[in-house]
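Chemist: everything below, folded, please.
(2 chains)
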Amino acid sequence: MQETTDSGPSGSKSRPKRALSFLRVQNAYAFIGLVLIVIFAWVFFVIEIEPQFYLQEGERARYAWDTFISQFIIGLAQGSIYALIALGYTLVYGILFMINFAHGEVFMAGAYIGFFAINAAEQSGFLESQTALAILLTMGVAVMGSVIVAILLERIAYRPLRGAPRLVPLITAIGASITLQQLFLRLFGSSPRTYPRISLFVGQGMWGCEPVDGTTVCEGIDLISKSYDVLIFNQEVRIRPFFFVILFVSLLLMSALWFFIQRTKTGKAMRAVAEDKDTASLMGINVDRTIVITFMLGAALAGAGAVLFALYNRQVTPFMGFIPGIKAFTAAVLGGIGNVPGAMFGGLFLGVAESVFPSALGLPNQLKDVVAFGLLIVFMIFRPTGIFGEVLSEKKA
Amino acid sequence: MRKMILLICVLALATVGIAPLAAQDDMMGPSVMLAPGEDLVIGFGAALTGEGLAPFGIDIRRGVELALEDRPTVTVDDVEFNVALDVQDSMCSPEGGQTVANRFVSDDSIVGVIGLMCSSAAEAAAPIFDEAGFSTISASATAASLTTSDFTSFNRTVPTDAAQGLAAADIIVNVLGATNVAFIDDGSAYGTGLVDVIIDAYEELGGTVAIRDAVTVGDTDFRALLEDISATDPDLIYFAGFNAEGARLIEQRFDVGLEDVPFMGADGIYGSELVDLAGDFAEGVYATRPIPASSDELDAFAERYIETFGEEPPSAFNTNSYDATNLMLDAIEAVGYIDDQGDLVIERETLSEFIRSASFDGLTGVIECDGTGECSSADIGFYQITDGAFVQQELEMMEE
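Modeler: As a prediction, this is how the structure comes out:
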């Protein structure tokens, strides 16, 4: 971690790191593999072996495969949203070495603006006639809303403090976070807004038809709202296709971001600024512009995540950004703050941990935050820089 | 953040601690003095912000406003005083309750307080009000512990959860026939207290607790918890908490295959707000709430409410706060007197004594305070959401 200056790692320092980076990435994946093996071993023990010691005839074990599979998938969906938000923390940290605590509110703003868009679409009937298009438009509007909020945030709250000590923008970020919460509270009231219940049917005819009221209806599967009983590994599990939609869309967006950072000129500029702002500006890179683009990228992901979140949980309030924001920040630290794949993995891991661990450990679900944050502490003790290490500037591909 | 609030509380406590010492010279208990023409100020504390809670606070406030519309002044010894309301947001947390309590007790002109709304806020505020000799009348804080903790300031015009819990346990076992129930609370004084009471009574009636767990207020994804619940095969899910979390639980049941398991809540989810939040998913959900004896005045009041505010009451407590306000005003008129200088004097101790032994016919039935702060005699009603609205159910006991 850079303690003394607010510029990135110097050139001489980054060279040995780059030489070691191959090994470090190997380590990270080995580490992930190790963690996963331990988790699955524990779950296997709890489900298959432990009951044989204490269970009486006819009693139900405290944990079963179907519960585990469901909770794992639910955790992946929740974790994808954490990951999308976490990327915003990580990108900004990677470049400015500053934690943008108002990022949760950028997420909240996206959800609100998306709500007004989708509500308008519902009122006009557009949502019903062109569901997929309406959702895409909603997402576009929400992304734009989040991006605008983030640009204003950067321009008003952060840019004037660019040269200040690192604690100053941190305090400003907390202030900006509370300001945005209260602003939305005053503007739109404290009562939760509810996203409409949307059905988007795909694959008509592929999954068989059912006779309804004398006529045969081939409605396909509802990607968003309905849930279905399916067999996974011979276990009957209730699955909502939207779990996978969230996961898929998130992975798609994250790969797009990865491509942008690694393969485009602007991405190269971002990496250069992350490495050394002063040198980058000597090379003709517009540092301010690059920083704004970084904020915009993070906000766009948060806005898209917000719409997914709101379609999933349907409830939008001025305070909704707080908890996901904290969790996403945790995910970013878990993965190695400043590191893009780290944030992705950290988010997914935190989501699954939160969902699966309390039950697997036989604890009440109420303690899920204790479990998640306890895990963070354990990880930080063994890997203080997170799973993937801390650097955005290095090219890893 | 928490430390900040704590610091503010400590500072506020310090100033409050100093104030009574200075005022104790006149050898009389703390009292309020009003010169003729001054407004008589009553404090009001409820959650006016917060997810799914604000509609409750607003509803309670409307009950107070309607009461003040009827009685805009109090008359003591033929001198009239205007009544003014000091409205504060006590939120639904201990911190919020303490902040508002400190604010009120540091203001000598506040005669009494209507509120606080949530049990958790009221519980934290009560010692502060006790210290200052204040009287508070809550229209909605139902936690059983509030009247068994020897608070001198706390009174309520709503039945205790001890009553609601017994009724709920009885309904669960004898009306709904459920014997393997999953209990969820929201970790608040209200939610935890209510579930404690219900489980005691429910186990006595022969029921088994399938699982007991809690949600975090402000969280939105309870699917992992519901998966755990689903694994225990419950025949009913009981939730003691408020709308925002209740609506998510009700809806997310459908994602884990629990949609056929009935869902029951308490007065915390009663009202149109739940239906707004959960939509069609809320159909069939059960709830209990304190129910006033039905009367013509009550019907007229309901009509007047809709006429004045243009909507159905979002919660169940507007009638309770109407009664609370009248109780407060009655007490002020009864114990207030005009002293030699022509000032209105209200001694806090006599005010408290009067409230704690008051008895009158209120909107919600006979209001009869038993000296512990318990004033309501209302019954517990049982409701189910049918076609998007709570409809009262006849209690048909299965066996007996």
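
Chemist: who does the helix or strand harbouring A:Y93 touch, helix- and strand-wise?
Modeler: Following DSSP states H and E, one finds A:Y93 within helix A:65-96. Counting contacts by 3 or more CB pairs under 8 Å, 6 or more residues apart in numbering or on different chains; DSSP states H and E, helix A:65-96 packs against helix A:103-124, strand A:235-239, helix A:241-263, helix A:265-275, helix A:287-313, helix A:322-335, helix A:340-360, helix B:223-231. Heads up, the C-betas are built off the backbone N, CA and C, glycines and all.

Chemist: and A:S191, which of these is closest to it?
Modeler: helix A:103-124 (12.4 Å; CB to CB).

Chemist: of all the helices and strands packed on helix A:65-96, which one is nearest B:G29?
Modeler: B:G29 lies closest to helix A:322-335 among the helices and strands packed on helix A:65-96, at 44.0 Å (CB to CB).

Chemist: model confidence over that closest one, on average?
Modeler: For helix A:322-335, the mean per-residue pLDDT is 88.

Chemist: and for stretch B:266-274?
Modeler: Stretch B:266-274 carries an average pLDDT of 86.

Chemist: same question for stretch A:294-311.
Modeler: 93.

Chemist: what do you get for stretch A:373-381?
Modeler: Averaging pLDDT along stretch A:373-381 gives 81.

Chemist: now do stretch A:344-358
Modeler: Average pLDDT, stretch A:344-358: 89.

Chemist: how far off strand A:235-239 does the helix holding A:Y93 point, in degrees?
Modeler: Relative orientation of helix A:65-96 and strand A:235-239, computed by axes from the mean of the first three to the mean of the last three CA atoms, to 10 degrees: 50 degrees.

Chemist: by how many degrees do helix A:65-96 and helix A:265-275 diverge?
Modeler: Going by the same axes, to 10 degrees, helix A:65-96 makes 80 degrees with helix A:265-275.

Chemist: ok, back up a step: dump the helices and strands packed on helix A:65-96 into TSV; add distance to B:G268 and mean neighbour count as well.
Modeler: Converted to TSV, the helices and strands packed on helix A:65-96 look like this (distance: least, CB to CB, whole Å; neighbours: other CB atoms under 10 Å in any protein chain shown):
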stretch	distance to B:G268	mean neighbour count
helix A:103-124	25	24
strand A:235-239	27	18
helix A:241-263	29	17
helix A:265-275	49	20
helix A:287-313	20	25
helix A:322-335	21	26
helix A:340-360	24	26
helix B:223-231	18	25
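
Chemist: any idea which of those gets closest to B:P72?
Modeler: helix A:103-124 (39.4 Å).

Chemist: is there proximity between the closest one and chain B?
Modeler: No - using CB under 8 Å from any CB of the partner chain, helix A:103-124 stays clear of chain B, coming no nearer than 10.8 Å.

Chemist: and for B:D221, the neighbour number?
Modeler: B:D221 has 23 neighbouring residues, counting by other CB atoms under 10 Å in any protein chain shown.

Chemist: next one: A:A30
Modeler: A:A30: 10 surrounding residues under other CB under 10 Å.

Chemist: report the secondary structure state of it.
Modeler: Under DSSP: H, G, I helix; E, B strand; the rest coil, the three-state class of A:A30 is helix.

Chemist: tell me how far it lies from chain B.
Modeler: In this view, A:A30 and chain B are 28 Å apart by CB to the nearest CB, to the nearest Å.

Chemist: quote the end-to-end distance of stretch A:42-53.
Modeler: Using CA to CA, to the nearest Å, the end-to-end distance of stretch A:42-53 comes to 15 Å.
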